[in-house]
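Enquirer: sequence below, structure please.
(chains A and B)
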Amino acid sequence: QKEVEQNSGPLSVPEGAIASLNCTYSDRGSQSFFWYRQYSGKSPELIMFIYSNGDKEDGRFTAQLNKASQYVSLLIRDSQPSDSATYLCAVKGWVSNYQLIWGAGTKLIIKP
Amino acid sequence: DGGITQSPKYLFRKEGQNVTLSCEQNLNHDAMYWYRQDPGQGLRLIYYSQIVNDFQKGDIAEGYSVSREKKESFPLTVTSAQKNPTAFYLCASRGLDEQFFGPGTRLTVL
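Expert: So this is what the prediction gives:
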């Protein structure tokens, strides 16, 4: 059973600080990695995706991938109250080319 | 304006009823998906379709059925065989790799 694990939280971060969200995966052959943000009662929206080892930056968001250690992280710089949401990690494996394996999500709370 | 629409936004079902959730996309995507989300949990795959007239069961297909007669449409029927259907239902379509979601349908059993 391929798995994606996330700490359920809640993770509480002061406004203006860096929020760090982590995700580990079990399928060593995983190819693509996605971070989604889901506000309460709403559907998930794609924030970032990353394919290669290293960092990928987009505005205040940075995705970090370490395939050797099988983890992917999302950093949110200058956290804002509007960043308070649940963050879902999703992974596309090698075998299941059309499916994503989803983590249960980490709830992030940004305190003003 | 490209996107995915789902209707209705809220749906109430009586015991023993079948109900159908609508999902339409104008993104010209081949692949479409149905997920179920329960409170505080992640997404569980019900069915997916890679192309018109073809679909595969996901992890929790029992009590659900789908059709894919048109590229744009992927309706989900929740049958009376689904014993615990109260949940948030999400439809998605896939671009190159990433999935995009509709706004969801919240189904409640009365």
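
Enquirer: phi, psi of residue A:83?
Expert: Dihedral pair for residue A:83: phi -80, psi -10, per degrees, to the nearest 10.

Enquirer: all helices for chain A, in order.
Expert: In chain A, no helices are defined using DSSP state H.

Enquirer: tell me where chain B has strands.
Expert: With DSSP state E applied, chain B shows strands at B:4-7, B:10-13, B:19-25, B:31-37, B:43-51, B:54-57, B:64-66, B:76-78, B:87-94, B:99-101, B:105-109, listed in chain order.

Enquirer: any chance of these in CSV, with mean pLDDT too?
Expert: Formatted as CSV, these follow (pLDDT from 0 to 100):
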stretch, mean pLDDT
strand B:4-7, 97
strand B:10-13, 93
strand B:19-25, 97
strand B:31-37, 97
strand B:43-51, 96
strand B:54-57, 96
strand B:64-66, 98
strand B:76-78, 97
strand B:87-94, 97
strand B:99-101, 96
strand B:105-109, 95
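
Enquirer: now the ones you listed in JSON lines, with mean neighbour count and distance to residue A:73?
Expert: The C-beta positions use only the backbone N, C-alpha and C, and glycine is treated the same way. As requested, those are exported to JSON lines (neighbours: other CB atoms under 10 Å in any protein chain shown; distance: least, CB to CB, whole Å):
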{"stretch": "strand B:4-7", "mean neighbour count": "17", "distance to residue A:73": "28"}
{"stretch": "strand B:10-13", "mean neighbour count": "14", "distance to residue A:73": "36"}
{"stretch": "strand B:19-25", "mean neighbour count": "19", "distance to residue A:73": "31"}
{"stretch": "strand B:31-37", "mean neighbour count": "24", "distance to residue A:73": "23"}
{"stretch": "strand B:43-51", "mean neighbour count": "20", "distance to residue A:73": "20"}
{"stretch": "strand B:54-57", "mean neighbour count": "14", "distance to residue A:73": "32"}
{"stretch": "strand B:64-66", "mean neighbour count": "20", "distance to residue A:73": "35"}
{"stretch": "strand B:76-78", "mean neighbour count": "20", "distance to residue A:73": "34"}
{"stretch": "strand B:87-94", "mean neighbour count": "23", "distance to residue A:73": "24"}
{"stretch": "strand B:99-101", "mean neighbour count": "22", "distance to residue A:73": "21"}
{"stretch": "strand B:105-109", "mean neighbour count": "17", "distance to residue A:73": "31"}
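
Enquirer: switch the ones you listed over to a markdown table; also include distance to chain A.
Expert: Listed next are the strands of chain B as a markdown table, based on distance: least, CB to the nearest CB, whole Å:
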| stretch | distance to chain A |
| --- | --- |
| strand B:4-7 | 8 |
| strand B:10-13 | 11 |
| strand B:19-25 | 12 |
| strand B:31-37 | 6 |
| strand B:43-51 | 5 |
| strand B:54-57 | 8 |
| strand B:64-66 | 15 |
| strand B:76-78 | 15 |
| strand B:87-94 | 6 |
| strand B:99-101 | 4 |
| strand B:105-109 | 8 |
